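1. I need the structure of the sequence given here:
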Amino acid sequence: MDNNKSLVSICIPTYNSARYLKQCLDSIAAQTYKHVEVIISDNASTDDTVSIISEYVNRYGFKLNINPVNIGAGENFNKLISLAKGKYIAIYHADDVYDDTIVEESVGVLDENETVGLAGTMGNIMNEDGELFNTMRLPRHLKKLSKMIYTFDEALSGIVKRGWFFVTPSIMVRKKVYDELGVFDTRSYVSAGDYAFWMKVASKYNVAIIDKKLMNYRVHKNQGTEREVRMNTGVADIVLVINKYKELTTNKRLQHWCDDCINVNIISSARRQNYCGLFGKSNETLKTLKTNQIEFMIQRYAIRLCNIFKISIKKRILLVPAMRLKDAMSKYTDIS
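-> This is a model prediction of the structure:
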């Protein structure tokens, strides 16, 4: 261990994570960057999670915190931040697997660029059996810039355009940024508390995205994202984040992209609600749509008509699919 290097706190929140935990912890133990402390905070698991962690505590000196009661995922993140002593803090997820250079490459970016508040990466997407079935890619308009460090406007455009930008379980943040800006606000933003914080950082610092696949992100039915986002019939919490931070840009085109992204989410939520037989809720959601664009208006009236007659829309048959609008938006190559 080279004590002249920046200390990194690798933080891992767990809750009933036994099935995938060993793969994650093995990938953490194999990191090429060795000046680290590994802190695991368990959120009152009822499976074998703690016994598995204990093996790594004994073998590698990992640190274990046990919450006597489940305090929620966001508060467990914040608990880890409060325990971290490193110059940099990475909150990695217990069901994901990390390339052995992710810490080293992230530290390299932060050490070399004092204006950068956080560094994230791209990755592969795998299923619950560990089989890769997709890859993360930057939005095309950012990929064309061929750079690693982004401004606030570019970061905001990254989360409203098709593609990946902030990949939460890959992100490393300066501890001084948490000290200055606070921690995750999951009460106001619920499932989007992480994105709200990343945009808060981007409003004060530059952000770096390493365009390399340095992690394998696992999609499975028991993960928090699956429960809080993909199975949610309400309007996605990310809309709250976009609404807040679009006010900080003076770029009219970017503001338009933000409005389009919000409207896409509203239409998508109304479709899901209709599909689930929540016809009244679907109509209430449609009332929040604020646009005169013909693409959205056609969909709004089509969904309202189906709601009136209690016809459940199958997922593939609307006249103008919401994602087609996002395809049209991708024609822009910059946000100037």
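2. from memory residue 6 sits against residue 90, does it?
-> No - applying CB atoms under 8 Å, one finds residue 6 not in contact with residue 90, separated by 11.8 Å. Quick note: C-beta positions are derived from backbone N, CA and C, even for glycine.
3. Specify which residue of the two has the higher count of neighbours.
-> More crowded of residue 6 and residue 90, by other CB atoms under 10 Å: residue 90, with 26 against 17.
4. Tell me who's in contact with the more buried one.
-> By CB atoms under 8 Å, 6 or more residues apart in numbering, residue 90 lies in contact with 8, 9, 10, 11, 103, 106, 171, 172, 173.
5. Neighbour count added to these, as a markdown table?
-> As requested, the contacts of residue 90 are exported to a markdown table (neighbours: other CB atoms under 10 Å):
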| residue | neighbour count |
| --- | --- |
| 8 | 26 |
| 9 | 22 |
| 10 | 25 |
| 11 | 24 |
| 103 | 24 |
| 106 | 25 |
| 171 | 23 |
| 172 | 26 |
| 173 | 25 |
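6. Relative to the longest strand seen in the chain, what are the paired strands and their orientations?
-> Using DSSP state E, we find that the single longest strand of the chain is strand 206-218. The pairing partners recorded for strand 206-218 under DSSP bridges are strand 97-98 (antiparallel), strand 116-126 (parallel), strand 149-150 (antiparallel).
7. Any buried residues in it, and which?
-> In terms of neighbour count (16 or more other CB atoms under 10 Å), strand 206-218 has its buried residues at 206, 207, 208, 209, 210, 213, 214, 215, 216, 217, 218.
8. Out of those residues, the closest to residue 269 would be?
-> residue 217 (23.8 Å; CB to CB).
9. For the closest one, give its distance to residue 97.
-> 9 Å (CB to CB, to the nearest Å).
10. where do the contact lists of the two overlap?
-> By CB under 8 Å, 6+ apart, the residues touching both residue 217 and residue 97 are residue 126.
11. Can you check the pLDDT for residue 92?
-> What the model reports for residue 92 is a pLDDT of 98.
12. Then the one 3 residues further on?
-> Per-residue confidence for residue 95 comes out at a pLDDT of 97.
13. Looks to me like it is in a helix.
-> No - going by DSSP: H, G, I helix; E, B strand; the rest coil, the assignment for residue 95 is coil, not a helix.
14. need the contact list for it.
-> With CB under 8 Å, 6+ apart, residue 95 has these contacts: 17, 19, 20, 21, 24, 218, 220, 223.
15. try it again with 10 Å
-> 14, 17, 19-21, 23-24, 126, 128, 169, 216-220, 222-224 (CB atoms under 10 Å, 6 or more residues apart in numbering).
16. hang on, the earlier thing: how about CSV for the strands paired with strand 206-218, with mean neighbour count added?
-> CSV is the format used below for these (neighbours: other CB under 10 Å):
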stretch, mean neighbour count
strand 97-98, 24
strand 116-126, 22
strand 149-150, 18
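17. which residues in the stretch 151-300 of the chain form helices?
-> Ranges of helices in the stretch 151-300 of the chain, per DSSP state H, counting those that start in this stretch, are 152-160, 175-181, 186-189, 193-202, 224-225, 238-245, 252-275, 279-286, 294-308.
18. nearest to residue 37, of the ones you listed?
-> Closest among the helices of the stretch 151-300 of the chain, using CB to CB: helix 175-181, at 11.9 Å.
19. Narrow the contacts of residue 95 to just the buried residues.
-> 14, 17, 19-21, 23-24, 126, 169, 216-218, 223.
20. which pair in these spans the largest distance?
-> Maximum distance among those (CB to CB): 18.9 Å, for 14 and 126.
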